[in-house]
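Novice: Need a 3D model of the following:
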Amino acid sequence: MWILRRYAFCTFTRAAAQQIPVLSRVSREKYKEKRRMKYVLVTGGVVSGLGKGVTASSIGVVLKACGLRVTSIKIDPYLNTDAGTMSPFEHGEVFVLDDGGEVDLDLGNYERFLDVTLTKDNNITTGKIYQSVLEKERKGDYLGKTVQVVPHITDAIKDWIESVSLIPVDGKEGPADVCVIELGGTVGDIESMPFIEALRQLYFSVGQDNFCLIHVSLIPVLGVVGEQKTKPTQHSVRELRALGLIPHFLACRSAQPLVENAKQKLSQFCHVPVANILNIHDVPNIWHVPLLLRNQSAHDAILKQLDLLSVARHVDLQEWTRRAETSDNITKSVRIAMVGKYVGLTDSYLSVVKALMHACIACSLKPSIDWIAASDLEDDSAKLGAACVLVPGGFGDRGVKGMILAARYARENSVPFLGICLGMQISVIEFARSVLHLDKANSEEFDPQTPDRVVIFMPEGSKTHMGSTMRLGSRRTLFQTPDCIAAKLYNNSEYVDERHRHRYEVNPDIVGSLEEAGLKFVGRDESGKRMEILELQDHPFYIGVQFHPEFKSRPGRPSAPFLGLVLAATGQLEAFVKRQQNGNV
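Specialist: Modelled structure (predicted):
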């Protein structure tokens, strides 16, 4: 039996790890006797970008709909310790967790689909693993031994997975029933080899009743007749089997539904039963993916593989069905001008797009986003002919002039405006220049020598190290004015906890002058010295937030600032606030 080594980063106790989740009365004792974590591993083949994250999230959704508690782990084989220093153009957005973890954007998919709160340890990287092993080597834990990939790195991977899988992420006590693990990259990548070996060993140690492997692959179409080709998947599965991992399921990505002949070929050459070949073809929106899995009885097959049929309930996806159908049937849309730095890759603003979608669907609308590169807007505001303007976060001075132009256009033309993080700072710079007539007003990020520093570097920040040195994670914002629009959107709360990721903040020395001129800071941190939310007087909706509200937006529970933006853009904000005050929301 493997001895599970507990790392210092795990905060749970042995007693907590042994707690039994709440299951049906009949099966509780039987499940207690067999108490072991069940693992679902999702791998990918042929090409990257197949949607393994959505597939893994959707598997979690159908298992959760069967009454099971689900947690998730994402493995990224890169050497970076985390995603914090990666370019949005190369890697997509950096998703931020409550504990300040800067992680892969797929963890955002997990949180949104499963409605859980993950930790930074739910994202495993090669950098983290090697760092932990080298720290132990320096302390002398391996004294007298040669430290090697096998067994030391692979043991560290297994221990990390087994430890983190026991951390509850759904607000309940005790560990989850199932841990869905997504292995980033594609099978055959040299970076993922230690993880493949560790997962092979994990499969062997926990036993086949506690492990399920789902391989996501591409079924391309070639030729005039459009024949679905299975050979790439065959080679991918062959590579996976050669490495010691045998898939129980194939999740085949395709543009059109998989034909029966292709399924038969895959079954014959990949040694996977036809019933276990799942087809995830293109759908109108990603909320259909759990329904696709449900319609193919994927949940029953996975539960059978994991020996969980006796403790699971009938799958209930009514809410997901309503959400997917509602989205499909909406005909009206609202135009939103998104003025950002990284619009060349929409994944750079994935959570922003999802938050807009959640807010629009709550208003029975579809988002129609005008992607406007801030650097292209620097001399022309005619492109901002949308119902509202959104300026998201970013770093560096590229495109700042265009963002300032967008903020000024929205302010002067009474167009609903939402500035997030850098977007809020941009609105302060624009207001200081245009209204306070501080022509050289700027951020220290863009001009360290500016005499009018309206945005300054945070005193506790580091100028020598970039990784994990920002103001990160969930922080509390206290509302200074109970009747402000932001407080009403947040259900008249006295405070709100939102996630942050920034190095610069509004200079408190300039706040008095800004507020006298009509730019009110209605939300501040607990010290009262950090500006968190601003509103412009005598404007239908002009709000800036220093935090990133998009990270906590959920289907069915849209983020308050995003909902306010859409309501204001469609003339529904005033009626919404009145209904809320009367308790009708």
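
Novice: residue ranges with poor pLDDT in the stretch 401-550 of the chain?
Specialist: Along the stretch 401-550 of the chain, segments meeting pLDDT under 70 span 462-468.

Novice: tell me the centre residue of this protein?
Specialist: With distances taken as CA atoms, centre = their mean, residue 108 lies nearest the centre of the chain, 1.3 Å away.

Novice: phi, psi of that residue?
Specialist: The phi/psi pair for residue 108 (degrees, to the nearest 10) reads phi -70, psi -40.

Novice: so how far is residue 137 from the residue of the chain most remote from its centre?
Specialist: Most distant residue from the mean C-alpha position of the chain: residue 144, 42.6 Å away (CA atoms, centre = their mean). If you measure residue 144 against residue 137 using CB to CB, to the nearest Å, the figure is 11 Å. C-beta coordinates here come from the backbone N, C-alpha and C atoms, glycine included.

Novice: How about residue 378?
Specialist: According to CB to CB, residue 378 stands 52 Å off from residue 137.

Novice: Give me the contacts around stretch 257-267.
Specialist: The contact list for stretch 257-267 (CB atoms under 8 Å, 6 or more residues apart in numbering) reads 219, 228, 230, 233-234, 250, 252, 272-274, 277, 279, 281.

Novice: What is the neighbour count of residue 226?
Specialist: Residue 226: 10 surrounding residues under other CB atoms under 10 Å.

Novice: measure it to residue 114 for me?
Specialist: Remark: distance between residue 226 and residue 114 (CB to CB) = 36 Å.

Novice: Please apply the same query to residue 506.
Specialist: Residue 506 sits 35 Å away from residue 114, going by CB to CB.

Novice: Can you list the low-confidence ranges for the stretch 201-350 of the chain?
Specialist: Checking the stretch 201-350 of the chain against pLDDT under 70 turns up 224.

Novice: So which residues of it form helices?
Specialist: Shown for the stretch 201-350 of the chain, the helices assigned by DSSP state H, counting those that start in this stretch span residues 231-242, 260-270, 289-295, 298-305, 318-329, 350-362.

Novice: Let me have those in JSON lines, extended by distance to residue 92 and mean neighbour count.
Specialist: Compiled in JSON lines, those are given as follows (distance: least, CB to CB, whole Å; neighbours: other CB atoms under 10 Å):
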{"stretch": "helix 231-242", "distance to residue 92": "23", "mean neighbour count": "18"}
{"stretch": "helix 260-270", "distance to residue 92": "30", "mean neighbour count": "17"}
{"stretch": "helix 289-295", "distance to residue 92": "19", "mean neighbour count": "21"}
{"stretch": "helix 298-305", "distance to residue 92": "27", "mean neighbour count": "21"}
{"stretch": "helix 318-329", "distance to residue 92": "23", "mean neighbour count": "14"}
{"stretch": "helix 350-362", "distance to residue 92": "6", "mean neighbour count": "24"}
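
Novice: who's in contact with residue 91?
Specialist: 83, 104-105.

Novice: typed the wrong thing, it's residue 62
Specialist: Contacts for residue 62 (CB under 8 Å, 6+ apart) come out as 290, 293-294, 298-299, 302, 315, 317.

Novice: 7 Å - rerun?
Specialist: With contact set as CB atoms under 7 Å, 6 or more residues apart in numbering, residue 62 has these partners: 290, 293-294, 298-299, 315.

Novice: Ok, residue 355 next?
Specialist: Applying CB under 7 Å, 6+ apart, the residues near residue 355 are 549-550, 553, 558-559, 562.

Novice: Any buried residues in the helix or strand containing residue 578, and which?
Specialist: Using DSSP states H and E, residue 578 sits in helix 573-581. Of all the residues in helix 573-581, those buried under the rule 16 or more other CB atoms under 10 Å are 573, 576-577.

Novice: So which elements touch it?
Specialist: If contacts are counted by 3 or more CB pairs under 7 Å, 6 or more residues apart in numbering; DSSP states H and E, helix 573-581 sits against helix 560-569.

Novice: and the helix it packs on, what does it pack onto?
Specialist: Counting by 3+ CB pairs under 7 Å, 6+ apart, the packing neighbours recorded for helix 560-569 are helix 350-362, strand 388-391, helix 485-489, strand 542-545, helix 573-581.

Novice: Keeping just the C-alphas, turn that helix into PDB.
Specialist: Output of helix 560-569 as PDB, limited to C-alpha atoms (Å, rounded to 0.1, in the frame of the first residue of the first chain):
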ATOM      1  CA  ALA A 560     -23.300  42.600 -10.700                       C
ATOM      2  CA  PRO A 561     -21.200  45.100 -12.700                       C
ATOM      3  CA  PHE A 562     -21.700  43.200 -16.000                       C
ATOM      4  CA  LEU A 563     -25.400  42.900 -15.300                       C
ATOM      5  CA  GLY A 564     -25.600  46.600 -14.600                       C
ATOM      6  CA  LEU A 565     -23.800  47.400 -17.900                       C
ATOM      7  CA  VAL A 566     -26.200  45.300 -20.000                       C
ATOM      8  CA  LEU A 567     -29.300  46.700 -18.100                       C
ATOM      9  CA  ALA A 568     -28.100  50.300 -18.600                       C
ATOM     10  CA  ALA A 569     -27.300  49.600 -22.300                       C
END
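
Novice: got the contact list for that helix?
Specialist: 334, 355-356, 359-360, 362-363, 365, 387-388, 390, 416, 418, 485, 489-490, 540-541, 543, 545, 549, 553, 573, 576.

Novice: switch the cut-off to 8 Å
Specialist: Here helix 560-569 has contacts from 334, 336, 355-356, 358-360, 362-363, 365, 367, 387-388, 390, 416-418, 420, 485-486, 489-491, 496, 540-541, 543, 545, 549-550, 553, 573, 576, using CB under 8 Å, 6+ apart.

Novice: One more: stretch 361-373?
Specialist: For stretch 361-373, contacts defined as CB under 8 Å, 6+ apart pick out 323, 326-327, 330-341, 343-344, 346, 353, 356-357, 360, 383-384, 386, 399, 402, 406, 555, 558, 563, 566-567, 570, 572.

Novice: if you set the cut-off to 6 Å instead, what comes out?
Specialist: Outside stretch 361-373, the residues that touch it by CB atoms under 6 Å, 6 or more residues apart in numbering are 327, 330, 332-339, 343, 356-357, 360, 383, 386, 558, 566.

Novice: Then stretch 329-346?
Specialist: Taking CB under 6 Å, 6+ apart as the rule, stretch 329-346 contacts 88-89, 348, 364-374, 384, 386-392, 394, 399, 403, 406, 569-570.

Novice: Same check on stretch 41-52?
Specialist: 56, 181-183, 186-187, 199, 213-218, 232, 236, 253.

Novice: sorry, back to before: mark which of the contacts of stretch 329-346 are buried, thanks.
Specialist: For the contacts of stretch 329-346, a burial check counting by 16+ other CB under 10 Å picks out 88, 348, 365, 367, 369-370, 372-374, 384, 386-392, 394, 399, 403, 406, 569-570.

Novice: Please give the element, helix or strand, for the residue lying closest to residue 451 once chain neighbours are set aside.
Specialist: Closest residue to residue 451 apart from its sequence neighbours, by CB to CB, 6 or more residues apart in numbering: residue 440 at 5.8 Å. Residue 440 belongs to no helix or strand when elements are defined using DSSP H and E.

Novice: would you turn the contacts of residue 62 into JSON lines with distance to residue 68?
Specialist: Output for the contacts of residue 62, formatted as JSON lines (distance: CB to CB, whole Å):
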{"residue": "290", "distance to residue 68": "14"}
{"residue": "293", "distance to residue 68": "14"}
{"residue": "294", "distance to residue 68": "14"}
{"residue": "298", "distance to residue 68": "14"}
{"residue": "299", "distance to residue 68": "10"}
{"residue": "315", "distance to residue 68": "10"}
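
Novice: so how far is residue 434 from the residue lying closest to residue 456 once chain neighbours are set aside?
Specialist: Using CB to CB, 6+ apart and skipping the chain neighbours, the partner closest in space to residue 456 is residue 507 (4.7 Å). According to CB to CB, residue 507 stands 17 Å off from residue 434.
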